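**Q** Quick one, structure for this:
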Amino acid sequence: MGNSAPKIDPKEQAKQNKRTITRAIRQIDRERTKLQNQEAKTLKEIKALAMKNQHGPAKMMSKDLVRSRAQVNMYYTMSSQMKVIETQLAAAQMNATMMDSLKGVNNVMQ
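**A** So this is what the prediction gives:
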């Protein structure tokens, strides 16, 4: 009984989608940067532990370092996939604009 959401025009919907995707890409990049900084700190700690001849903790930290690098690679993949989606949405928006303009041209020609 009137509880439905108001209709959003396609242009506004495309803007919102682009904004959401851009925000997600920035968030992923922030997380990736944090992981890379943590990776650098971990690497320094591993080297310090190895110099002190504490190989057990160094081995544990090196396993964590490997996991961290895999996570960074996953973030790169996610970011590139989000950019692909953003590009596809932009192409769909351009196609919709072209269809609208062709409708107008078709009406003029008749």
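
**Q** elements contacting the helix or strand Gln27 falls within?
**A** Gln27 belongs to helix 10-51 when assigned by DSSP states H and E. Using 3 or more CB pairs under 8 Å, 6 or more residues apart in numbering; DSSP states H and E, the elements in contact with helix 10-51 are helix 55-109. No exception for glycine: its C-beta is placed from N, CA and C like everyone else's.

**Q** What is the helix it packs on packed up against?
**A** Checking 3+ CB pairs under 8 Å, 6+ apart, helix 55-109 ends up next to helix 10-51.

**Q** Measure how the helix it packs on sits relative to helix 55-109, angle-wise.
**A** Calculated by axes from the mean of the first three to the mean of the last three CA atoms, to 10 degrees, helix 10-51 forms an angle of 160 degrees with helix 55-109.

**Q** mean confidence for helix 10-51?
**A** Average pLDDT, helix 10-51: 93.

**Q** ok now that helix, how far from the chain's centre?
**A** With CA atoms, centre = their mean, to the nearest Å as the basis, helix 10-51 stands 9 Å off its chain's centre.

**Q** do the same with stretch 101-110
**A** How far stretch 101-110 lies from its chain's middle: 39 Å, per CA atoms, centre = their mean.

**Q** could you give the mean pLDDT of that stretch?
**A** On average, stretch 101-110 scores 78.

**Q** just the CA coordinates of it, formatted as CSV?
**A** Provided in CSV are the C-alpha atoms of stretch 101-110 (Å, rounded to 0.1, in the frame of the first residue of the first chain):
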residue,chain,number,x,y,z
SER,A,101,19.4,9.3,-29.0
LEU,A,102,18.6,6.8,-31.8
LYS,A,103,15.0,6.8,-30.7
GLY,A,104,14.9,10.5,-31.0
VAL,A,105,16.5,10.4,-34.5
ASN,A,106,14.0,7.8,-35.6
ASN,A,107,11.1,9.9,-34.5
VAL,A,108,12.5,12.9,-36.4
MET,A,109,13.0,10.8,-39.6
GLN,A,110,9.3,9.7,-39.5
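
**Q** Now it: buried residues?
**A** By neighbour count on 16 or more other CB atoms under 10 Å, the buried set for stretch 101-110 is empty.
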